[in-house]
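In: Give me a model of this one.
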Amino acid sequence: MKGGPRVNGAQSVIRTLVDSGVEVCFGNPGTSEMHFVAALDSVPAMRGVLGLFEGAVTGAADGYARIAGKPAATLLHLGPGMANGLANLHNARRAHTPVVNVVGDHATYHHRLDAPLESDIDALAGWLEGWSRRAVDAESVGKDAADAVAAAMDSPGRCATLILPADVSWGEGGVSAPPVTPSARRPVASGTVRAIAADVVADGRTTILLGGEACRERGLRAAARIAEATGAQVLVETFPARLERGAGLPAFDRLGYLAEQATRQLHGAARLILAGAVSPVSFFAYPGRPGDLVPEGVTVTTLAEAGDDVTGALEAVAEAVAPGVEPTVRAPLRPPLPSGPLTVRNWADVIGALLPDNAIISDESNTSGGGLAAALSGAPRHDVLMLTGGAIGQGIPVATGAAVAAPHRPVVNLQADGSAMYTISALWTQAREQLDVTTVLLNNRAYAILRMELERVGAEGAGAAANSMLDLSAPNMDYVKIAEGLGVQASRASTAEELAEQFAAALAEPGPHLIEAVIPPLL
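Out: Numbering: from 1, shown residues only. Just a heads-up that it's a prediction; the model follows:
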């Protein structure tokens, strides 16, 4: 441990986090965390960002790390606070996002009294299937914090939870600890590379499914070289954590969300090679339909798992089967600006026509986003952050965290209306921090995706009572007023011309903006 003055436990935690590269703490604190809050003034290198709800806090930490490539900390209040943040921590877990949770707890001697907020925080931490530890004293909590950061950064990334009892936080004798080196990505064995290289050239009936780090530029280029030389089909996992897209990059279709879409895409393949992805399954079970989306007779082999050096493995395969071959990349091409009333299709063309260079897109457009990939394929280079874990309410917080991580890049949040209401308070954080986030909120006044699923699962007897559970129009929500009430400039568009004018204006002006785009539902 480092020398220097001895401090209290909370101060040693924050100093250690900063020394380990954690510079932002998204928090919603309570009484048990007050010494941690007070310690922020003693460590100015740590930026504290307040969220009004723990789901906004954890989602922001997810978005931050996806862009920054390193964790932010969250500060959560006891078990109920962590429980409020678990949905977006689930998304972070599925995205292999490094997050360091600091969860305050009662003083160790207070547990026996069974106070009203007493709960099993350890069980909640275990649910994330990551790393967790309960601090026991001020002298060692700095080391706990260093271990937490390393655990979060261990390849391929995970949630690490440090439970910080109040008396450990206020206890004297704390010392900051030096950083701990996380584990690196595992190299893929040369024998595996040779075997995959032999398979991929066998008969042209190979599909490669990319996931994780393979969805970044190097992985995409390597996969495109393989496809160019062998005729292999390349697909990207359905909801990648971070996908680099746009002009100058190879463009691959994502595996369809609907089982029948995925089945069509995989039809005719003899083998499926997984490169940082997992073997595809349907999101839900449907009566009389298989959940495994791999067609019968298709051989599934793994080039690299999420924690492996998938990019290096793809490049090695490319060198074996496509030496000297250049990848085919997308030429610059924007859709023309549409006109007339907004529809479920043409709104995406407005975004594609006007998207600024080097943008970050937080995409939770859900059923309204069917035309988005095509509209953006030739737009300037951009990153897309998607709903990897499927727990809605991610879009606004992830955009918030991404904007903190990359203050000089424009952030665009494409947001479904129903999902927005889960964590819409994150707009207040955007206003407080003056973040350059433009939210296009697609208001179709319905849980449209659930309308679709109601039909797809074959639920019988659905009538007025069932449909009312999926309807968001009684009463209609006024997102312009909601956003303005949270300190964000807002406007409403019902035509393509209005959306184009308002989107361009929002991008040109600093600070957060929301545009309520009124569109008809897909169903």
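In: Quick one, grab the pLDDT at residue 23.
Out: Reading off the confidence values, residue 23 has pLDDT 98.
In: contacting residues for it?
Out: Counting by C-beta atoms under 8 Å, 6 or more residues apart in numbering, residue 23 makes contact with 45, 46, 47, 72. Just so you know, the C-beta spots here come from the backbone N, C-alpha and C atoms, and that holds for glycine as well.
In: is it true that the last one touches residue 101?
Out: If I follow you right, that is residue 72. No - judged on C-beta atoms under 8 Å, residue 72 makes no contact with residue 101 at a distance of 10.1 Å.
In: quick revisit: in JSON lines: the contacts of residue 23, plus distance to residue 257, secondary structure and neighbour count.
Out: Formatted as JSON lines, the contacts of residue 23 follow (distance: C-beta to C-beta, whole Å; DSSP: H, G, I helix; E, B strand; the rest coil; neighbours: other C-beta atoms under 10 Å):
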{"residue": "45", "distance to residue 257": "42", "secondary structure": "coil", "neighbour count": "11"}
{"residue": "46", "distance to residue 257": "39", "secondary structure": "coil", "neighbour count": "19"}
{"residue": "47", "distance to residue 257": "36", "secondary structure": "strand", "neighbour count": "14"}
{"residue": "72", "distance to residue 257": "29", "secondary structure": "coil", "neighbour count": "30"}
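In: Tell me where the stretch 351-500 of the chain has helices.
Out: Counting by DSSP state H, counting those that start in this stretch, the stretch 351-500 of the chain has helices at residues 372-376, 395-405, 417-420, 426-433, 448-456, 464-468, 479-485, 496-508.
In: oh, I was asking about the stretch 101-250 of the chain
Out: For the stretch 101-250 of the chain, helices defined by DSSP H, counting those that start in this stretch occupy the ranges 121-127, 138-153, 166-170, 190-200, 217-230.
In: who touches the shortest one?
Out: Meaning helix 166-170. By C-beta under 8 Å, 6+ apart, the surrounding residues in contact with helix 166-170 are 8-10, 13, 31-33, 35-36, 104-110, 135-138, 141.
In: Just the buried subset of those residues, please.
Out: Neighbour counting with 16 or more other C-beta atoms under 10 Å marks 8-10, 13, 32-33, 35-36, 104-108, 135, 138, 141 as buried within those.
In: got the contact list for the residue nearest to residue 253 when sequence neighbours are not counted?
Out: Counting by C-beta to C-beta, 6 or more residues apart in numbering, residue 253 lies nearest to residue 235, which is 5.9 Å off, once chain neighbours are set aside. With contacts defined as C-beta under 8 Å, 6+ apart, residue 235 is in contact with 207, 208, 209, 210, 252, 253, 254, 255, 265.
In: quick one: terminal-to-terminal distance for stretch 445-461?
Out: Terminal residues of stretch 445-461 lie 23 Å apart, using C-alpha to C-alpha, to the nearest Å.
In: Buried ones in that stretch, by neighbour count?
Out: Of the residues in stretch 445-461, those buried under the neighbour-count criterion (16+ other C-beta under 10 Å) are 445, 446, 447, 448, 449, 451, 452, 453, 454.
In: now stretch 126-146
Out: Counting neighbours by 16+ other C-beta under 10 Å, one finds that the buried residues in stretch 126-146 are 128, 130-135, 138-146.
In: Which element, helix or strand, includes residue 34?
Out: Assigned by DSSP states H and E, residue 34 falls within helix 34-39.
In: Name the next helix or strand following that helix along the chain.
Out: Going down the chain from helix 34-39, the next helix or strand is strand 47-50, by DSSP H and E.
In: Now do that next one: distance to the chain's middle.
Out: Relative to the mean C-alpha coordinate of its chain, strand 47-50 is positioned 20 Å out (C-alpha atoms, centre = their mean, to the nearest Å).
In: now swap in stretch 294-312 and tell me
Out: When C-alpha coordinates are averaged (C-alpha atoms, centre = their mean), stretch 294-312 and its chain have centres 22 Å apart.
In: and residue 339, what element?
Out: Here residue 339 is covered by no helix or strand, with elements defined by DSSP H and E.
In: so where's the chain uncertain?
Out: In the predicted model, the chain carries pLDDT under 70 at residues 1-5, 460, 522-523.
In: Going by neighbour count, which residues in stretch 484-493 are buried?
Out: Applying a neighbour-count criterion of 16+ other C-beta under 10 Å, the buried positions in stretch 484-493 are 484, 486, 488, 489, 490, 491, 492, 493.
In: now stretch 371-388
Out: By neighbour count on 16+ other C-beta under 10 Å, the buried set for stretch 371-388 is 371-373, 375-388.
In: among the residues you listed, which are in strands?
Out: Among the buried residues of stretch 371-388, the subset assigned to strands under DSSP state E consists of 382, 383, 384, 385.
In: Contacts only, for residue 346.
Out: Residue 346 sits in contact with 338, 340, 371, 496, where contact means C-beta under 8 Å, 6+ apart.
In: you'd agree the third one is up against residue 350?
Out: No - using C-beta under 8 Å, residue 371 and residue 350 do not qualify as a contacting pair, with a distance of 10.9 Å.
In: so what's the closest residue to residue 101 other than its chain neighbours up against?
Out: Spatial nearest neighbour of residue 101, excluding adjacent residues (C-beta to C-beta, 6+ apart): residue 161 at 4.3 Å. Applying C-beta under 8 Å, 6+ apart, one finds that residue 161 lies in contact with 82, 100, 101, 103, 125, 128, 130, 131, 132, 133, 148.
In: how about the ones in strands among the buried residues of stretch 371-388, which pair is most distant?
Out: Pairwise distances across those peak at 10.4 Å for 382 and 385 (criterion: C-beta to C-beta).
In: Quick check: neighbours shared by these two?
Out: Counting by C-beta under 8 Å, 6+ apart, the shared contacts of residue 382 and residue 385 are 360, 361.
In: For residue 8, give me phi and psi.
Out: The phi and psi torsions at residue 8 (degrees, to the nearest 10) take the values phi -80, psi 170.
In: Make sure it is actually in contact with residue 172.
Out: Yes - using C-beta under 8 Å as the test, residue 8 is close enough to residue 172 to be in contact (5.6 Å).
In: list residues touching both of those two?
Out: For the pair residue 8 and residue 172, residues contacting each of them under the criterion C-beta under 8 Å, 6+ apart are residue 138.
In: Now do residue 32 against residue 107, distance only.
Out: 8 Å (C-beta to C-beta, to the nearest Å).
In: okay, and the common contacts of the two?
Out: 165, 166.
In: tell me the two of the contacts of residue 346 that are most distant?
Out: Looking across those, with C-beta to C-beta as the criterion, the two at the greatest separation are 340 and 371, at 15.2 Å.
In: ok, and the closest non-adjacent residue to residue 70?
Out: Leaving aside its sequence neighbours, residue 70 sits nearest to residue 21 (C-beta to C-beta, 6+ apart; 5.3 Å).
In: The one you found touches residue 72, doesn't it?
Out: No - at 10.3 Å, residue 21 does not count as touching residue 72 under the criterion of C-beta under 8 Å.
In: in which helix or strand would I find the residue nearest to residue 70?
Out: Under the assignment here (DSSP H and E), residue 21 is part of no helix and no strand.
In: What's the local residue count around it?
Out: 13 (other C-beta atoms under 10 Å).
In: Contacts only, for it.
Out: Contacts were defined as C-beta under 8 Å, 6+ apart; by that measure residue 21 touches 70, 149, 179.
In: got a winner among those residues for most neighbours?
Out: Neighbours here are counted as other C-beta under 10 Å. On that basis the top member of these is residue 149, with 26 neighbours.
In: Spatially nearest residue to that residue (excluding sequence neighbours)?
Out: Residue 149 sits nearest to residue 20 (C-beta to C-beta, 6+ apart), 4.0 Å away.
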